[in-house]
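>>> with the input below, show me the fold.
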Amino acid sequence: MRRRYCQEEDEATIDLTPLMDIVFIMLIFFIVTTSFVKESGVDINRPTANTAERKERGNILIAITANDEVWIDKRRVDIRAVRANVERLKAENPEASVVIQADKDSKNGLLVQVMDQARLAGITNVSIAAVRE
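So this is what the prediction gives:
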């Protein structure tokens, strides 16, 4: 009597579908919980103030460097173009506020001009960034 052996090969495989699901869910979790910091594009040496408050949602950042250059969205902007740039950014986010990051060695006159241009663009909430002591 001859015995017949079934020669079915049992392949040991790893099902990657649950692993991919977990990785995808973790990726979504990290993307949702990450807070993105918006930068103005230049390094600013901010003045210190004892009464400085932390503002979490300053949507439009304007930087004034020590050599009196104005930067918006990592681009150097002429003072006459500040209003148009702020209006464009306000159109993208109507509830936006402006945070001006002026270097402590910059001129006050330029700071006032930038604040004036932001207000002429329709922004009522204009803040000046400072470092809390």
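
>>> contacts only, for N125.
S97, V98 (Cβ atoms under 8 Å, 6 or more residues apart in numbering). (Each C-beta comes from the backbone N, C-alpha and C, glycine too.)

>>> and it, what pLDDT?
pLDDT recorded at N125 is 85.

>>> surely Q117 meets V86?
Yes - using Cβ atoms under 8 Å, Q117 is in contact with V86, at 6.7 Å.

>>> lowest-pLDDT helix or strand in the protein?
Sorting the helices and strands of the chain by mean pLDDT, DSSP states H and E puts strand 48-49 at the bottom, at a mean of 68.

>>> now the strands for the chain?
For the chain, the strands defined by DSSP state E occupy 48-49, 60-64, 70-72, 75-77, 98-102, 126-128, 131-132.

>>> could those strands be laid out in CSV, adding distance to T34 and mean neighbour count?
Output for the strands of the chain, formatted as CSV (distance: least, Cβ to Cβ, whole Å; neighbours: other Cβ atoms under 10 Å):
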stretch, distance to T34, mean neighbour count
strand 48-49, 29, 12
strand 60-64, 19, 25
strand 70-72, 24, 22
strand 75-77, 25, 14
strand 98-102, 21, 23
strand 126-128, 24, 17
strand 131-132, 24, 12
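
>>> is it possible to get JSON lines of the ones you listed that adds distance to L27?
Shown next, in JSON lines, are the strands of the chain (distance: least, Cβ to Cβ, whole Å):
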{"stretch": "strand 48-49", "distance to L27": "40"}
{"stretch": "strand 60-64", "distance to L27": "28"}
{"stretch": "strand 70-72", "distance to L27": "32"}
{"stretch": "strand 75-77", "distance to L27": "31"}
{"stretch": "strand 98-102", "distance to L27": "31"}
{"stretch": "strand 126-128", "distance to L27": "35"}
{"stretch": "strand 131-132", "distance to L27": "35"}
